[in-house]
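> sharing a model prediction with you, sequence too.
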Amino acid sequence: LGAVADPTVRLAAAMGFENASWRPGLVGPRSADLLSAALDACGLDAHEPRYVRALGSFGRALALAGETDRARQVGGRAVELARALGDEPTLVHALTTSLWAGTTPDVARLQLERTSEVQRIAKARRDYETLGAAVNFGATVSYLLGLPDELERAVGDSFRAAQGTGQPYYRHVYHCLAHADAFMRGDFAEAQRWADKTVEDTFGDEMSEGPHGVQTFMVRREMGTLTRFRRYLDGEESFAGRWVPGLLALYTEVGHEHGARRALHHLLERERPARTDAAQWPMELVFMVEGALALGDAEAVRELHAFLRAYEGMNLVCGTLIATFGSADRFIARIAAFLGDGPAAERHFAVALEMDRRMHSTVQVAETLAHHARFAAADGRRAEALELTAQAHRPCGTEPGLRPSGRAGEAREGLVADDGAGSDVDDRLEGGRDGARSGAREARRPVRLARVHVGRSDAAGRRCHRAAPSMGRGRRIMWPGWTGIWGNCLTWA
């Protein structure tokens, strides 16, 4: 580009390079460097549409280069200039490119407004390319904020964008959203089917397998099929070249105390959370919280609580609904219970249950009820614990007569078998790590699994998105940092 005499041609070329790079999610500073130099040399007025569009592209490039704060400033300036121009195509471009600056709690409402505006304009113009670029962010912030109607519209728009454009990238986005819908309904076979479609047409890069590994892990831990991997782990696996939060999650799920403690301490002491604006941060936070609670590590629990509070009243989600964890208040309630704050635990469990039911999530409703049951049992409220576990067995209309499965079923059976409401009731609730008990006693206990495994639910009467027929092969979004342990382990199943 340096050999091109006309600076506006260099600017157009830099924009073209950025436009070709964002769609597969390629990261790095190259696009941002080219656009920065071209904008400095172009000589265009700040109110020139070409300049505003280039500024928007620069903001997106900065976001993909990891410069989130700067990306938000640049993107916000592009939107401001575009509104002043009154040119709709320029405004749509500025709004769309600004979406890549993150979906963290502090900007979630703003991003929802922007995605809604883009979706409205794009549908009116039948611009499925722009619609497809916005819907994944619309779906993410709608889930984050607990807005099921907006989420349903975003999923429907994603399907239309995939059909209207025929592009593998937009098919991939739709397949991710369809996976999340099936997962929340407790239809794990369908969830895995949609997850597998996201890797039928990959970029041939190791990073392209990461999100699929996450989706598969989420499904299989709900099905309770991960314990078979324990014999392959000794807790001393090298962290080099591996995504340590994922390894921590695997250690926690298979009950490997030494490995879980080692991975958690590595994350907190050597890789202290610094990129809380990253797409995978909420998932990493969940895995660390689950690990700390399972280990009974009070110091780690308190440290992570500060990060978790930013999501109070919201849901926890990773990327394009690659992993959905339901209400953050469930985790806050578990922490409050662990630290002995009973009133706070009750309050947050109630908020979590309302959120999970609002989102029509069979899986997360069951999980909230089961954790609440363990807490009630630890507090000596045996009758209430039994009622909560019975509800967890049928959170959204599970067919009567099915045997209770997984943690909810074991909780109920343990309570029924118990003759009293003594201190060991919560241990029968598969570990009972969230009760208000001695941290030292908990630290001496081996790690136990801490998941609710719910069977497929017909979710009678609830309104939910029904996945449309397959549109063929999809392509994977490439997110950095998801490599290593899962890709190897999960193929063994």
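Sure thing, it's come through.

> who touches the closest residue to residue 34 other than its chain neighbours in this structure?
With sequence-adjacent residues excluded and distances taken as C-beta to C-beta, 6 or more residues apart in numbering, residue 34 is closest to residue 14, at 4.1 Å. (Each C-beta comes from the backbone N, C-alpha and C, glycine too.) Residue 14 is in contact with 1, 31, 34, 35, 37, 38, 54, 57, counting by C-beta atoms under 8 Å, 6 or more residues apart in numbering.

> quick check: the last one is in a helix.
Yes: looking at residue 57 with DSSP: H, G, I helix; E, B strand; the rest coil, it is inside a helix.

> that one: neighbour count?
30 (other C-beta atoms under 10 Å).

> also the second one?
By the other C-beta under 10 Å criterion, the neighbourhood of residue 31 contains 25 residues.

> ok, which stretches of the protein are strands?
Counting by DSSP state E, the chain has these strands, from start to end: 315-318, 323-327.

> now mean pLDDT too, for those, in JSON lines please.
Output for those, formatted as JSON lines (pLDDT from 0 to 100):
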{"stretch": "strand 315-318", "mean pLDDT": "97"}
{"stretch": "strand 323-327", "mean pLDDT": "97"}
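
> closest to residue 94 out of those strands?
Closest to residue 94 of these, according to C-beta to C-beta: strand 315-318, at 25.3 Å.

> so where is the stretch 351-493 of the chain shaky, pLDDT-wise?
Scanning the stretch 351-493 of the chain for pLDDT under 70 picks out the ranges 395-493.

> closest one to residue 66 out of the contacts of residue 14, please.
Taking C-beta to C-beta as the measure, residue 66 sits nearest to residue 31 out of those, at 12.3 Å.

> quick one, grab the pLDDT at that closest one.
For residue 31, the pLDDT comes out at 91.

> OK, contacts around it?
14, 17, 18, 21, 22, 57, 61, 64, 65.

> same question for residue 196.
So residue 196 contacts residue 212 (C-beta under 8 Å, 6+ apart).

> gap between it and residue 219?
When C-beta to C-beta, to the nearest Å is the yardstick, residue 196 and residue 219 sit 10 Å from each other.

> let me see the contact set for the nearest residue to residue 98 once chain neighbours are set aside.
Distances taken as C-beta to C-beta, 6+ apart place residue 75 nearest to residue 98, at 3.4 Å, with adjacent residues excluded. Remark: with contacts taken as C-beta under 8 Å, 6+ apart, residue 75 is in contact with 56, 59, 60, 63, 94, 97, 98, 100, 101.

> likewise residue 76?
Contacts of residue 76 by C-beta under 8 Å, 6+ apart are residue 98.

> which pLDDT does the model give it?
Confidence score, pLDDT, at residue 76: 96.

> now do it against residue 33, distance only.
In terms of C-beta to C-beta, residue 76 sits 21 Å off from residue 33.

> isn't residue 324 right up against residue 181?
No: Residue 324 is beyond contact range of residue 181, at 9.4 Å (criterion: C-beta atoms under 8 Å).

> what lies in contact with stretch 147-158?
For stretch 147-158, the surrounding residues in contact (C-beta under 8 Å, 6+ apart) are 112, 115-116, 119, 123, 131-132, 135-136, 138-139, 142-143, 170, 173-174, 177-178, 181, 358-360, 463-465.

> perfect, that will be all.
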